[in-house]
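In: Build the 3D model from these lines:
(chains A and B)
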2 protein chains.
Amino acid sequence: MSDTSTVCAITLFPSVTMLDVIGPYEALWRVPGVDVVLVAAERGPVRAGGGGELVAAATFSEVPHPEIVLVPGGPGTAAAQRDAVLLEYLRRAAATADWVVSVCSGSLVLASAGLLEGRRASTYWASRDVLRGMGVDVSTERVTFDGNVVTASGVSAGVDLGLRLAARLAGDDTAAAIQLGMEYAPEPPFEIGGNEGPPPDLVQRFEELRAGWPAKTGGVR
Amino acid sequence: MSDTSTVCAITLFPSVTMLDVIGPYEALWRVPGVDVVLVAAERGPVRAGGGGELVAAATFSEVPHPEIVLVPGGPGTAAAQRDAVLLEYLRRAAATADWVVSVCSGSLVLASAGLLEGRRASTYWASRDVLRGMGVDVSTERVTFDGNVVTASGVSAGVDLGLRLAARLAGDDTAAAIQLGMEYAPEPPFEIGGNEGPPPDLVQRFEELRAGWPAKTGGVR
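Out: Below you'll find the model as predicted:
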């Protein structure tokens, strides 16, 4: 770690969405000089949506001033928005960070911490109205850069965000090589409606499906 | 879990690539009746490429006959190919599984277990020659179905595999709704050359980058 000049702290919380974390993780740890560390109030396993577990390797107080602070979203977002310890960490870290970042409904947590005032931000497609209701200028772009605040739309958009942030950190040539490292030449099997939003029948099927998820997401949706 | 009829076991090993695991995980746990469990020889944290940790929730012997068995790849693949306990688990699980699956260089582990004989399979772009050298008919498709063997190309291709397997399990309408749940409308920022392979200058930059990764991947590349 002797050549590390940039620490990226990704905050975990109960019922986080794993891919919100791992998309940017995979892009950013491959950047020369960057270390990505998963952080939480306490070290140890954190149960994610779907029942899997990621490990927080460090506490908030052990990584007080990361160069990049990133908050993911997921079924646990509403509880995270009321987590005073997490919000205080985000505020303190953001005060000195080069980049303040969210993926998916993590933007709601940034907003709850007061970090999106006067900002334009992306969020999960199903969370746009909520974020708008918090006074944020909601972008429908997949990734939005506004000053040093970088926000992505939902879940898999964290991969796009990670690569675009890698390009800011290390240049396009390096980020393209990282994209090759991740073999990111996606072939999504279905049409889901693009940035402006999904068709109503697909939303209805999604809501039916989501009704069955709380058993797998710690009781929340 | 009372309505669960399908268990998907994803095998972990040291220096696995997290996204190889989490791409299919996010698609498959959202399928009604499917539970995804991360398994290893012993329960507990497993260090992945990039330094993060996933938790094996169950041992191999606790999940002997999953309906789906999936092996990811990553910097630890070569060691995994020599891991007799892992290979024996894969052989036993595959003997009764509905689906035998790999992502990225996980195909090399399937081949080492003798599970790709006479099969056509995808793998990580940089592992194609190695897999071909093991006598496997290598596909350049992003996801290849050959009977009950399903294999993906590298890292992020596990998302595509997960959604396509979800469609086989639950139908296109459900899989499309899951794709919406993951907001998978990707916008890769760079061109990396498609399924036939990357341009030589990009490969060279990738190799230069990768030379710096062993410090972050448990000493292996």
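In: got the residue ranges for the helices in chain A?
Out: A:18-28, A:77-81, A:84-96, A:106-112, A:128-133, A:157-170, A:172-181, A:200-210 (DSSP state H).
In: what comes into contact with the shortest one?
Out: Think helix A:77-81. A:13-16, A:71, A:86-87, A:104-106, A:108-109, A:112, A:127, A:220 (CB atoms under 8 Å, 6 or more residues apart in numbering or on different chains). Heads up, the C-betas are built off the backbone N, CA and C, glycines and all.
In: for chain A, which spans come out with low pLDDT?
Out: Within chain A, the ranges that satisfy pLDDT under 70 run A:1-4, A:195, A:217-221.
In: ok, back up a step: between the contacts of helix A:77-81, which is closest to chain B?
Out: Using CB to the nearest CB, A:Cys104 comes nearest to chain B of these, at 7.5 Å.
In: Count the neighbours of the residue nearest to the closest one when sequence neighbours are not counted for me.
Out: Once flanking residues are discounted, A:Cys104 sits nearest to A:Gly73: 3.3 Å by CB to CB, 6 or more residues apart in numbering or on different chains. Here the count is done by other CB atoms under 10 Å in any protein chain shown, and A:Gly73 has 28 residues near it.
In: Contact partners for A:Gly73?
Out: A:16-17, A:20, A:102-109, A:123-124, A:127, A:154-155.
In: rerun at 7 Å
Out: A:17, A:20, A:103-106, A:124 (CB atoms under 7 Å, 6 or more residues apart in numbering or on different chains).
In: Narrow those to those that are buried.
Out: Among the contacts of A:Gly73, those that count as buried by neighbour count (16 or more other CB atoms under 10 Å in any protein chain shown) are A:17, A:20, A:103-106, A:124.
In: centroid residue for chain A?
Out: A:Val103 (2.5 Å; CA atoms, centre = their mean).
In: Do I have it right that that one meets A:Val159?
Out: No: taking contacts as CB atoms under 7 Å, A:Val103 lies outside contact range of A:Val159: 9.4 Å.
In: Quickly list what's touching both of these two.
Out: A:Gly23.
In: Check the gap between the nearest residue in space to A:Val21 that is not next to it in sequence and B:Val138 for me.
Out: What sits nearest to A:Val21 in space, not counting adjacent residues and going by CB to CB, 6+ apart, is A:Pro72, at 4.9 Å. Distance from A:Pro72 to B:Val138, counting by CB to CB, to the nearest Å: 35 Å.
In: Looking at the two, which has the bigger crowd around it?
Out: A:Pro72 (33 against 21).
In: Quick check on the more buried one: phi, psi?
Out: phi -90, psi 180 (degrees, to the nearest 10).
In: A:Tyr124 too?
Out: Torsion angles, degrees, to the nearest 10, at A:Tyr124: phi -60, psi 140.
In: For A:Ser15, which non-adjacent residue is closest in space?
Out: A:Ser15 sits nearest to A:Gly76 (CB to CB, 6+ apart), 3.1 Å away.
In: count of residues packed around the one you found?
Out: Around A:Gly76 there are 26 residues (other CB under 10 Å).
In: And for A:Arg92?
Out: 16.
In: Can you give me the distance of it to chain B?
Out: 23 Å (CB to the nearest CB, to the nearest Å).
In: ok, that residue touching A:Pro66?
Out: No: if you go by CB under 7 Å, A:Arg92 and A:Pro66 don't touch, sitting 10.5 Å apart.
In: Next, the residue nearest to A:Ser15: phi, psi?
Out: phi -90, psi 10.
In: got it, and A:Gly74?
Out: phi 140, psi -180.
In: Surely it is in contact with A:Val16?
Out: Yes: counting by CB under 7 Å, A:Gly74 does reach A:Val16; the two are 4.4 Å apart.
In: which neighbours do those two share?
Out: Between them, A:Gly74 and A:Val16 share the contacting residues A:48-49, judged by CB under 7 Å, 6+ apart.
In: What's the separation between A:Ala95 and chain B?
Out: Distance from A:Ala95 to chain B, by CB to the nearest CB: 26 Å.
In: cool, and A:Val36?
Out: From A:Val36 to chain B the distance is 6 Å (CB to the nearest CB).
In: dump the residue contacts of that residue.
Out: Neighbours of A:Val36 in contact, by CB under 7 Å, 6+ apart: A:8, A:10, A:25, A:28-29, B:50, B:52.
In: can you tell me how far A:Pro199 sits from chain B?
Out: Applying CB to the nearest CB to A:Pro199 and chain B gives a distance of 9 Å.
In: Quick check: the gap between that residue and B:Val36.
Out: According to CB to CB, A:Pro199 and B:Val36 sit 28 Å apart.
In: now swap in A:Pro189 and tell me
Out: Counting by CB to CB, the gap from A:Pro189 to B:Val36 is 19 Å.
In: swap in A:Tyr184?
Out: 22 Å.
In: Can you report how many residues neighbour A:Asp172?
Out: 14.
In: what are the phi and psi angles of the residue nearest to A:Cys104?
Out: With angles defined as degrees, to the nearest 10, A:Gly73 sits at phi -120, psi -160.
In: Was I right to think A:Glu187 contacts B:Val159?
Out: No: with contacts counted by CB under 7 Å, A:Glu187 stays clear of B:Val159, the gap being 9.5 Å.
In: With neighbour numbers in mind, choose between these two.
Out: Between A:Glu187 and B:Val159, counting by other CB under 10 Å, B:Val159 is the more crowded of the two (33 against 15).
In: ok, and the closest non-adjacent residue to the more buried one?
Out: B:Gly23 is the one closest to B:Val159 (CB to CB, 6+ apart), at 4.0 Å.
In: now do A:Tyr184
Out: B:Ser156 is the one closest to A:Tyr184 (CB to CB, 6+ apart), at 4.4 Å.
In: hang on, that neighbour packs against A:Ala185?
Out: No: in terms of CB under 7 Å, B:Ser156 does not count as a neighbour of A:Ala185; the distance is 8.2 Å.
In: more neighbours, those two?
Out: B:Ser156 (28 against 23).
In: The more buried one: what's it in contact with?
Out: Counting by CB under 7 Å, 6+ apart, B:Ser156 has contacts A:159, A:182-184, A:186, B:19, B:23.
In: which one of those residues sits closest to B:Glu42?
Out: B:Glu42 lies nearest to B:Leu19 out of the contacts of B:Ser156, by CB to CB, at 23.2 Å.
In: Would you mind confirming that that closest one is in contact with B:Val155?
Out: Yes: B:Leu19 is within contact range of B:Val155, at 5.1 Å (criterion: CB under 7 Å).
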